[in-house]
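K.L.:
model this:
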Amino acid sequence: MAEMDTSSGGGHKKGPGVKKGKKMSTRVDLTPMVDLGFLLITFFVFTTTMAKPTVMKMNEPKDDTPPEEQMKVKESAVMTLLLGKQNQIYYYYGTLTAEGASEQFKVTDFNNVGKLILDKRNSVPDGDKSKSDLMYIIKADKESKFKNVIDILDEMTINGVPAGHYAEVDITDTEAALIKKTEESSGIK
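P.N.:
Numbering: from 1, shown residues only. Now for the predicted structure:
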């Protein structure tokens, strides 16, 4: 609590025979203020709601779907994105053939992949079902980073690709070999 300390003197009268009066000083005890501070901190800690972790929603296909119930997609409406080392993205349209692999197989990075996704979406002609047939297939190489998978899924969301129009699939041996050859020729280690 606050208390008065009257040990030192002081006064207003000056002169040779005037007795000096005692000077009054105050001392404030801050112990209750510290208690109040800790009570407030405790109150806010207990009443604050913690941030809840958010989860990305993904529609994954069922593994036991019979072939006759699987979604059929036109070859012209498919874009395959392969994730490689050092934030490189390899892509091709339709089905990759051995004869046309050098012309079909292209390279980009995360700065330009959004434009490619939009270009593919805009290149599919409007029609009754053609836009709904548009499909992006995402395949990650063994040496790609998990961050790249999350980034490409974010790009799908940013560019307005609805859920169910992109899927994450295992990479084939042919695609892995093409990525390796392209990385070796580009000097990517």
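
K.L.:
just give me the longest helix of this protein.
P.N.:
What stands out as the longest helix in the chain, according to DSSP state H, is helix 31-47.

K.L.:
got the CA positions of the helix or strand just after it in CSV?
P.N.:
Of the helices and strands lying after helix 31-47 in sequence (DSSP states H and E), the nearest is strand 78-83. Listed in CSV are the C-alpha atoms of strand 78-83, where the atom choice follows Å, rounded to 0.1, in the frame of the first residue of the first chain:
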residue,chain,number,x,y,z
VAL,A,78,-5.5,-32.7,-70.2
MET,A,79,-2.4,-30.9,-68.9
THR,A,80,0.2,-32.9,-66.9
LEU,A,81,2.5,-31.1,-64.5
LEU,A,82,5.6,-32.8,-63.3
LEU,A,83,7.5,-31.4,-60.3
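
K.L.:
quick check: next helix or strand after strand 78-83?
P.N.:
Towards the C-terminus, the helix or strand next in line after strand 78-83, according to DSSP H and E, is strand 88-93.

K.L.:
run the chain-centre distance for that following strand.
P.N.:
22 Å (Cα atoms, centre = their mean, to the nearest Å).

K.L.:
relative to it, what are the paired strands and their orientations?
P.N.:
When pairs are called by DSSP bridges, strand 88-93 turns out to pair with strand 78-83 (antiparallel), strand 106-109 (antiparallel).

K.L.:
tell me which of those sits most buried.
P.N.:
Mean neighbour count (mean count of other Cβ atoms under 10 Å) peaks for strand 78-83 among those, with a mean of 22. (Glycine included, C-beta is placed from N, CA and C.)

K.L.:
tell me the mean pLDDT over that one?
P.N.:
Mean pLDDT, computed over strand 78-83, is 88.

K.L.:
returning to what we had before: may I see the strands paired with strand 88-93 organised as a markdown table, with distance to P162 added?
P.N.:
Written out in a markdown table, the entries for the strands paired with strand 88-93 read as follows (distance: least, Cβ to Cβ, whole Å):
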| stretch | distance to P162 |
| --- | --- |
| strand 78-83 | 15 |
| strand 106-109 | 22 |
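
K.L.:
closest one to E175 among these?
P.N.:
Proximity to E175, assessed across these by Cβ to Cβ, is greatest for strand 78-83 (5.7 Å).

K.L.:
neighbouring contacts of that closest one?
P.N.:
The contact list for strand 78-83 (Cβ atoms under 8 Å, 6 or more residues apart in numbering) reads 89-96, 113, 116-117, 120, 135-141, 144, 148-149, 152, 171, 175, 179.

K.L.:
again, 7 Å this time
P.N.:
By Cβ atoms under 7 Å, 6 or more residues apart in numbering, the list of residues contacting strand 78-83 from outside reads 89-94, 120, 135-141, 144, 148-149, 152, 171, 175, 179.
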